[in-house]
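J.: Build me a model:
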Amino acid sequence: MEGFKLAPETTALVVVDVQERLAAAMPAEALERTLRGVTTLIECARLLGMPVLVTEQYPKGLGPTHARVQGALATLPKPARVIEKIEFDATLCGAFAATFDDVLRVDATRMRSVVLTGMEAHICVYQTARGLRGEHFHVHVPVDATCSRSPDNHRIAEGLWHGVGAVVTSTEAVAFDLLGQAGSDAFKAISKLVR
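T.: Here you go, the predicted structure:
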C-alpha cells in the first residue's frame, strides 16, 4: 500500500496556476469549491509543517496567484516558493525542477508524495501529475481542489489522473490522512475547516 498513505514529513503540497485571470474564466461554483479546497490544504500544510510550492503559468498574461490563495500562503511560517513557467507540465520547467528538488529535502527526509491542486485540471494539473509519476512520486489529486473551464474537461481530468497512477481523492480525505488520528490541536483546527 506504499504511496497511498500520506505523512506530513514526506509530503509536499503543489498549487498549480490558481491565477486571477485564469480564475475569472472558471465557472463560479467550481472556482469557489477549488479556492476553498486549495486554501484548506495550505492551512493543513501550515499546521503540519509541510512544504508548499506554487506555479504561475505565464503571469504576464494570466496574472498573479489569486488573492485568496495569496492570503492563505501569507500565513505559512516558511514562504511558499513561487515559480513562473510557460510549460504545461511543471516538471519540464527548469526553475520548478530545481526548486522542487531543493524543497524535497526537508531535514534530510526525501519527500515521496505530492498533493497536487490547481487549474486547469485537464491540462497543467494532469500533465504535472504525469510528470511527477514519471519521476516516481506518489501523486494525490483532490478533485475538489481543482477545476477546469468546462465540467466535461474536469470529469475527463479524473480519468487522466487515474490513468497515470495518481490517487484521485478529496480535500477532506487528504487532510485526515495527513493527520492520522484525532485529538491534536491540528485535528481540531482542520476539523473546523472541512465542516
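
J.: show me where the protein has strands.
T.: Taking DSSP state E as the test, the strands found in the chain are 11-16, 52-57, 81-85, 105-106, 109-110, 113-119, 138-142, 146-147, 167-169.

J.: Could you single out the most deeply buried of these?
T.: Each of these was scored by mean neighbour count; the highest is strand 146-147, a mean of 30, by mean count of other C-beta atoms under 10 Å. (C-beta placed from N, C-alpha, C; glycine too.)

J.: Wait, Thr117 touches Val15, no?
T.: Yes. Here Thr117 reaches Val15: they are 5.3 Å apart, a contact under C-beta atoms under 8 Å.

J.: which neighbours do the two share?
T.: Counting by C-beta atoms under 8 Å, 6 or more residues apart in numbering, the residues touching both Thr117 and Val15 are Val38.

J.: which residues touch stretch 188-195?
T.: With C-beta under 8 Å, 6+ apart as the test, stretch 188-195 has contacts from 40, 43-44, 47, 171-172, 175-176, 179.

J.: Now do it, average pLDDT.
T.: The average pLDDT within stretch 188-195 is 86.

J.: and it, how far out from the chain's middle?
T.: 18 Å (C-alpha atoms, centre = their mean, to the nearest Å).

J.: Stretch 81-93 now?
T.: Relative to the chain's own centre, stretch 81-93 is displaced by 13 Å; criterion: C-alpha atoms, centre = their mean.

J.: residues making contact with that stretch?
T.: Identification of contacts with stretch 81-93 by C-beta under 8 Å, 6+ apart yields 14, 16, 52-59, 65, 95-97, 99-100, 103, 123-124, 127-128, 130-132, 134-135.
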